[in-house]
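Participant: Provided below are the primary sequence and the corresponding predicted coordinates.
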Amino acid sequence: MLLLSVDGMHESDLTNYLAAHPDSTLAKMVGRGVHYTDAQTPIPSDSFPGLMAMLTGGTPKTTGVYYDDSWARDLLPAGTTDCAHTAKGAQVALTEDADKNSHRIDGGQGLTGLPDGIGKMTDDPSAVLDPAKLPVDPASCKPIAPADYLKVNTVFSVLHAAGDRTAWSDKHPAYQIANGHGGKSIDDLFTPEIDSSSTDNPDDKTWTQKNDLTRRYDTYKVDSVVNEIAGKDHSGARDAGVPALFGMNFQTVSTAQKLPDSKGYQADGKPGELLSGALDFVDQQLGRMVTALDQAGLRDKTTIVLTAKHGQAPVKADTLTRIDDAKIIDSIDTEWAATHPGAPKLIIHSVNDSALLMWMSDRSAAAAAFVKQKLLAATGLGTDIAGNPKPFTASGVDKDKLYVGADAAAFFGVNFDDPRVPDVYAGVTPGTVYTGGKSKIAEHGGMTPDDRHVPLIVVGNGIGKQEQKGEVALTQIAPTILHRLGLDPVTLDAVAAEHTAVLPGA
């Protein structure tokens, strides 16, 4: 099984690309596989809920992973040593912030001669995670690794237990979470840090700040997959055998969608010049992998799944309204302090992209009502795609998609005492992006079609060309992977809990 995520890509991007490029690798894949035209990510539509859906078969209510940067009421803050006398509540940053050194592509492993040295990176990114930056388990008083933060096992867990080799490549060492609860199950995990800079690339830019750098970064990961197809490890230096399950994510499309200089999409919703080039790049790299499979005699033995962890919003550039969420949060905390002298800040953690997610220090019904009222009443000025002032009302939220307190827990399908569920989840009016500056023109994390409607293609032996128009979920990929490899999908904890079905036609 070769699993690929083109982060940020929409089903509409695929449809437009197929029409314009009938001889492309993507077109050939659709021509011999199942094309699911209504595939949906989980909510929130973010990298970690999306990938966990693909790997576990579960949504955040089961996996416990609501975002890449969240809050856990059942854990202690990073760096805690006096666990008996420290109040629970901790930020969980499954991002570059967990690295020993996020300025280096090796995460702080200490390799020299980069970027050539990335081929020598450790197969266990736990080694480059800084324990002092990880939340602490109150029971053991020890830092908890991302894999053990996940509440369930993954497809890698099941395959590893069955004696199969596994591999994966992604954008931060914190993707060590893909091992699943209970320990290391990915034999070859390659996680070059995408937010690194300094000596790793010119102009002191991170790999996401210029699209040509993102393409170079993605090429390193494609190289790793091609090496694995040839039976090597990700570096190509050691014989290892072809993994039963392996794959990677692409960041190039996401970068082209978000960077202001790229202009993202045209007025008709079709990709602009830079984004079109990014899609061409992905198609070319897919061609490299398909060719490698052919050369290794593995084409008829390998199932390819192509999708996206999340989409990106907005597609229509004229709807963009960039809003400074820090001002909204500050106003909530200021008014709360004025009416509750001596009380701590009400919003203890928030992460806001194309939706609002907040965790509160006071979880009472009165506090929930206060926050809801403030979000519905807030007004101010944002900016449009050109940086010009643009008015907004109601904090950019969609009043019919605002869930606070007990309503937020019910929306996610958990009890109010769930230790990780956000106290606020707010969908937004189309085009709303929360940012304090002008550094991006799109984001993800929300529940609009631009956030959630992603491509999904499954190609493999015994699967003929077909189009499935019914709605399917990314969670269905995990049981499909095990089914195609001859293993029982119900061995996945989340599949058993949520009764997740195999994809129809696969």
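Facilitator: Done, it's in. Numbers count the residues shown, from 1 in each chain.
Participant: can you pull out the helices in the stretch 201-350 of the chain?
Facilitator: 211-229, 252-258, 273-295, 325-339 (DSSP state H, counting those that start in this stretch).
Participant: output the contacting helices and strands for the second one.
Facilitator: The reference is to helix 252-258. Under the contact criterion of 3 or more C-beta pairs under 8 Å, 6 or more residues apart in numbering; DSSP states H and E, helix 252-258 touches helix 211-229, helix 273-295. C-beta: built from backbone N, CA, C; applies to glycine.
Participant: if we can go back for a sec, what about the helices of the stretch 201-350 of the chain, which gets the closest to residue 365?
Facilitator: helix 325-339 (14.8 Å; C-beta to C-beta).
Participant: which residues touch that closest one?
Facilitator: 343, 345-347, 350, 352, 356, 358, 367, 370-371, 374-375, 378, 380, 395, 434-436 (C-beta atoms under 8 Å, 6 or more residues apart in numbering).
Participant: filter those residues down to the ones in strands?
Facilitator: The strands, defined by DSSP state E, take in 347, 350, 352, 356, 358, 380, 434 from those.
Participant: looking at the residues you listed, which has the most residues close by?
Facilitator: The most crowded member of the ones in strands among the contacts of helix 325-339, judged by other C-beta atoms under 10 Å, is residue 356 (30 neighbours).
Participant: wait, that one sits on residue 433?
Facilitator: No. Contact criterion C-beta atoms under 8 Å: residue 356 and residue 433 do not qualify, at 11.5 Å.
Participant: what pLDDT does residue 100 get?
Facilitator: Confidence at residue 100, expressed as pLDDT, is 94.
Participant: now do the SS call for the residue lying closest to it once chain neighbours are set aside.
Facilitator: Once flanking residues are discounted, residue 100 sits nearest to residue 108: 3.0 Å by C-beta to C-beta, 6 or more residues apart in numbering. Under DSSP: H, G, I helix; E, B strand; the rest coil, residue 108 falls in the coil class.
Participant: was I right about residue 315 contacting residue 12?
Facilitator: Yes. Residue 315 lies in contact with residue 12 (C-beta under 8 Å); the separation is 7.0 Å.
Participant: between those two, which contacts overlap?
Facilitator: With C-beta under 8 Å, 6+ apart, residue 315 and residue 12 have common neighbours residue 269.
Participant: the more surrounded of the two?
Facilitator: residue 315 (25 against 19).
Participant: neighbours of residue 18, how many?
Facilitator: Neighbours of residue 18 (other C-beta under 10 Å): 17.
Participant: repeat that for residue 286.
Facilitator: With other C-beta under 10 Å as criterion, residue 286 counts 21.
Participant: mind checking how far it is from residue 455?
Facilitator: Taking C-beta to C-beta, to the nearest Å as the measure, residue 286 falls 12 Å from residue 455.
Participant: partners of the top strand by length along the chain in the sheet?
Facilitator: Looking across the chain with DSSP E, the single longest strand is strand 397-404. Next to strand 397-404 in the sheet, as set by DSSP bridges, lie strand 424-428 (antiparallel).
Participant: dump the C-alpha coordinates for the strand it pairs with into PDB.
Facilitator: Extracted C-alpha coordinates of strand 424-428, given in PDB (Å, rounded to 0.1, in the frame of the first residue of the first chain):
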ATOM      1  CA  VAL A 424     -15.400  26.700  21.500                       C
ATOM      2  CA  TYR A 425     -15.600  25.600  18.000                       C
ATOM      3  CA  ALA A 426     -16.800  28.100  15.500                       C
ATOM      4  CA  GLY A 427     -17.300  27.700  11.800                       C
ATOM      5  CA  VAL A 428     -16.900  30.900   9.800                       C
END
